[in-house]
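**Q** Dropping the sequence and predicted coords here.
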Amino acid sequence: MSIMPAEGFVGSPMLQQVIPWSPSRGNLLKRWFLMLGASLGSPVRLAQGLPPTRGFSIGFIFLLVNLVVFGFLMALPFVLLTGMAFRGMTGAAGGSMLHEAILSFVMFGCTFIFGMLVNTLIVGLLVHVMIVLTGSHEKSLSVTLASFMVTSGPLCVFVVPCLGLYASPVIIIWWIINYALALQAVHEIGIVRSIMCVLFPVVLIIGGGVSLTILSL
């Protein structure tokens, strides 16, 4: 005798307990810390346990907080060094240059955050298109995007002093691996197909950049 799940049942209650994004877990900062730990330690379970109706919003907020916090911490040493450089300058000239430098950092940070959010949506969309074109799949576009966002924990490497930007390849590879494993679980597809779908946008973007560079020569 087999026991069938009740109608409307989605996912496992045990998996949903893994998701720390709940008001009962504390304030936004505490929930973010818990989500970050889950994203680094168990990204597959984290993606599987996302609530069907709120998965995308949870993923978007988590990614946005990651970009704001890690982007600020990454830029903080440069801001402090700039402030120390202009500290010895007196008068209106020194104050004006300091204000311009701070404004430049703010503008760079906003551009970085906006660009990362747009790129995440575009890459997630291309990945889902590949999943649809290569066979059957279990979940919708919002689940594909949410899985991409909640596996963004490796962005924390950006805050390592004097190493963050240079570690970008490691961050990207780590994020891709987590994302591929999460897609395999939530869409119930093979690992080879999952990796192929995730790598397609990366190859497309790199190929497009190389092509534009060659054409501009």
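**A** Cool, the structure landed.
**Q** mind checking how far the residue most central in space within the chain is from Y179?
**A** The chain has S152 as the residue nearest its centroid, 3.3 Å off, counting by CA atoms, centre = their mean. The gap separating S152 from Y179 is 9 Å, by CB to CB, to the nearest Å. The C-beta positions use only the backbone N, C-alpha and C, and glycine is treated the same way.
**Q** tell me, which helix in the protein spans the most residues?
**A** Among the segments of the chain that qualify as a helix by DSSP state H, the longest is helix 91-133.
**Q** What helices and strands are in contact with that one?
**A** helix 55-87, helix 141-150, helix 168-187, helix 191-216 (3 or more CB pairs under 8 Å, 6 or more residues apart in numbering; DSSP states H and E).
**Q** contacting residues around the residue nearest to the centre of the chain?
**A** With contact taken as CB atoms under 8 Å, 6 or more residues apart in numbering, S152 is in contact with S39, F62, L63, N66, T120, W175.
**Q** re the thing from before, out of the helices and strands packed on helix 91-133, flag the one nearest M116.
**A** helix 55-87 (5.4 Å; CB to CB).
**Q** and the closest one with helix 168-187, angle?
**A** For helix 55-87 against helix 168-187, the angle by axes from the mean of the first three to the mean of the last three CA atoms, to 10 degrees is 170 degrees.
**Q** Now helix 55-87: average pLDDT?
**A** Average pLDDT, helix 55-87: 79.
**Q** Return the set of buried residues in it.
**A** 55-56, 58-63, 65-67, 69-71, 74-75, 82, 86 (16 or more other CB atoms under 10 Å).
**Q** Then stretch 146-166?
**A** The neighbour-count check on stretch 146-166 (16+ other CB under 10 Å) flags 146-159, 164 as buried.
**Q** chain center to it, what's the gap?
**A** Centroid displacement of stretch 146-166 relative to its chain, using CA atoms, centre = their mean, to the nearest Å, is 8 Å.
**Q** For that stretch, C-alpha coordinates in CSV please.
**A** What follows is the C-alpha trace of stretch 146-166 in CSV, where atoms were taken according to Å, rounded to 0.1, in the frame of the first residue of the first chain:
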residue,chain,number,x,y,z
ALA,A,146,15.1,32.3,-6.7
SER,A,147,17.6,29.4,-6.7
PHE,A,148,20.2,31.6,-8.4
MET,A,149,19.7,34.3,-5.8
VAL,A,150,19.8,32.2,-2.6
THR,A,151,23.0,30.5,-3.7
SER,A,152,24.8,33.9,-3.9
GLY,A,153,26.5,33.3,-0.5
PRO,A,154,30.0,33.1,-2.1
LEU,A,155,29.8,36.9,-2.7
CYS,A,156,31.0,37.2,0.9
VAL,A,157,34.6,36.6,-0.4
PHE,A,158,34.4,40.1,-1.8
VAL,A,159,35.0,41.5,1.7
VAL,A,160,38.4,39.9,2.1
PRO,A,161,40.9,42.8,2.2
CYS,A,162,43.2,43.2,-0.8
LEU,A,163,41.7,40.0,-2.3
GLY,A,164,38.0,40.5,-3.0
LEU,A,165,38.1,41.7,-6.6
TYR,A,166,41.0,39.4,-7.5
